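**Q** No sequence on hand, only this structure:
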């Protein structure tokens, strides 16, 4: 499929061809980094699979860090569409705190499982490429804001804390896999939600 796309790109006018090559490399990078660390992916692997020269890569990106930032932004656009569909376009006024947390955990697990390599790389190289983490920070805040909308006082505080604790548990599992639950375990989300539901239920509001 990637090679067919490459042949299509070559028939375009020069400026459009450059943009199409860049888009093709980003799309291929998203697929490669679903399970792999960015440091384990060579530029030659990307260009070779698509039939491009190394020069084509450097015409589109200054270096591999710039490429990874572009990949992360592409993935973030997908995640933001999930947030819009699952949270922002829904009426959560009568949705319980536990149910709101379940939405958060389910959506985040979906992201981490489908784009584990991208997310793991963004976390590991945050100091080296802080721009790669910026889009994650923005989408996480967007998700949190949507889930606490309409909440006040102790309920809002506990919802924020529960989201932070759930997110931290999932990040730890993705990076270090300490167990006993593994990120891909079917029970992972259910156990996290179950552990935090009593905390959410004990509010003063």
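**A** Yep, that arrived. As the structure is a computational prediction, the values presented were derived from the model and not from experiment.

**Q** packing partners for the helix or strand encompassing residue 112?
**A** With secondary structure defined by DSSP states H and E, residue 112 is part of helix 97-114. Contacting helix 97-114 under the criterion 3 or more C-beta pairs under 8 Å, 6 or more residues apart in numbering; DSSP states H and E are the following elements: helix 64-83, helix 130-148, helix 153-176, helix 188-201. Every C-beta, even on glycine, is put in place using the N, C-alpha and C of the backbone.

**Q** among the ones you listed, which is nearest residue 31?
**A** Distance to residue 31, taken as C-beta to C-beta, is lowest for helix 64-83 among those, at 9.8 Å.

**Q** Next, the contact list for the closest residue to residue 114 other than its chain neighbours, please.
**A** Closest residue in space to residue 114, ignoring its immediate chain neighbours: residue 34 at 6.6 Å, by C-beta to C-beta, 6 or more residues apart in numbering. Contacts were defined as C-beta atoms under 8 Å, 6 or more residues apart in numbering; by that measure residue 34 touches 114-118.

**Q** Determine which two of the residues you listed are furthest apart.
**A** For the contacts of residue 34, the maximum inter-member distance is 10.1 Å, found between 114 and 117 (C-beta to C-beta).

**Q** Give me the more crowded residue out of the two.
**A** Between residue 114 and residue 117, residue 117 has the larger neighbour count (other C-beta atoms under 10 Å), namely 20 against 14.

**Q** returning to what we had before: how far off helix 188-201 does the helix holding residue 112 point, in degrees?
**A** Inter-element angle recorded for helix 97-114 and helix 188-201: 150 degrees (by axes from the mean of the first three to the mean of the last three C-alpha atoms, to 10 degrees).

**Q** Great, nothing more from me.
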